[in-house]
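Engineer: have a look at this prediction, sequence included:
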Amino acid sequence: MSEDAAKIRLIMELRQSGIKDTRVLSAVERVPREEFVLGTFVDQAYENTALPIQQGQTISQPYVVAFMTEVLEVGERMKVLEIGTGSGYQAAVLSRLCRRVYTVERYRSLLQQAERRFQRLGYHNITTRYGDGGLGWPEQAPFERIMVTAAADQLPQALTDQLAVGGILIIPLGRGIMGQSVVRIRRTEEGFEQDDLLPVRFVPLVAGTAEAENR
Ligand code: SAH
C-alpha cells in the first residue's frame, strides 16, 4: 500500500473510532509520522499502533494521540505545555493547533533528535527544554493547556499549580494491576474537576533527568 493510501486508511479508522474534531484529524493527516519513527518501522508509520523509539520509549498509538489532542480542546491562540517530548510527534500535532508548544524531555538524546525533526519539518512554534517535566516550566506558566505523555502515579502538583484557571490538563494516571487511564483535570475558580476518560498503557513518568541517573 502507498503511504498516502495508508494515511487515508488511518484517518478513516480514527473517525470510526470516534474522533470527530476535524482540526485534530487534519493535524494528524498533515504531520508526517514516518519522520518520527525509527527507520526500521517506517513502513508501519500509518498503522494504528504504538512503536518503539530510542531509549526504550514509545511513540504513542495514533488513536491515543488523536484522542488526547481532541479532549485537550486546544485553541489557536493558546500556549500548551507537553511533558515527554519523546519522538516529538505529539508536540508536532499540537503545534498545528495552537500558538506555541513548550515541550520537556528527560533524555537529552531524544530531545536533540526531536529538535532536529522540528527544524527540518519547519515546526517553528515548538520550544524545547531538557529537564524533569514533573516540575513543569515555571518561567512560562501559567498554561491554558497541559498534556503529559508518560504515566504518573499521582498528579504532579507543579503541573496543577501551573495550569491556568479555566485550563485543562490531560494525563495518564495509575500504574500496576489497576492499569492506567487518561484523566482530564479542569481547573475552575473553585478548584479542580477530574474525569477518567480512556484506559491506556504509557511508559512511566520518571523523576529527574536520565543523564543525571547515570552519573
Ligand atoms: N509524546 C511522545 C511520547 C513519548 S513516550 C511522542 O509523541 O513520541 C514518553 C516520554 O516521556 C519518553 O520520551 C520519556 O523519556 C519521557 N519522560 C518520562 N518521564 C519524564 C519526565 N519526568 N520529564 C520529562 N520527560 C519524561
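Structural biologist: Here it is on my side, so go on.

Engineer: where does this protein have low pLDDT?
Structural biologist: Applying pLDDT under 70 to the chain flags the ranges 176-177, 214-215.

Engineer: tell me which helix or strand comes right after the longest strand along it.
Structural biologist: Ranked by residue count, the top strand of the chain under DSSP state E comes out as strand 163-173. Next along the chain after strand 163-173, taking DSSP states H and E as the criterion, comes strand 180-187.

Engineer: helices or strands up against that following strand?
Structural biologist: In terms of contacts (3 or more Cβ pairs under 8 Å, 6 or more residues apart in numbering; DSSP states H and E), strand 180-187 is packed against helix 62-72, strand 163-173, strand 192-200. To be clear about C-beta, it is placed using only N, CA and C from the backbone, and glycine gets the same treatment.

Engineer: any idea how far E76 is from the residue nearest the centre of the chain?
Structural biologist: With distances taken as Cα atoms, centre = their mean, Q90 lies nearest the centre of the chain, 4.2 Å away. Applying Cβ to Cβ, to the nearest Å, the value for Q90 to E76 is 18 Å.

Engineer: what parts of the protein come near the ligand?
Structural biologist: 57-60, 83-84, 86-87, 89-90, 104-107, 110, 132-134, 149-150, 203, 205-207 (Cβ under 6 Å from any ligand atom).

Engineer: with that, I have no additional questions.
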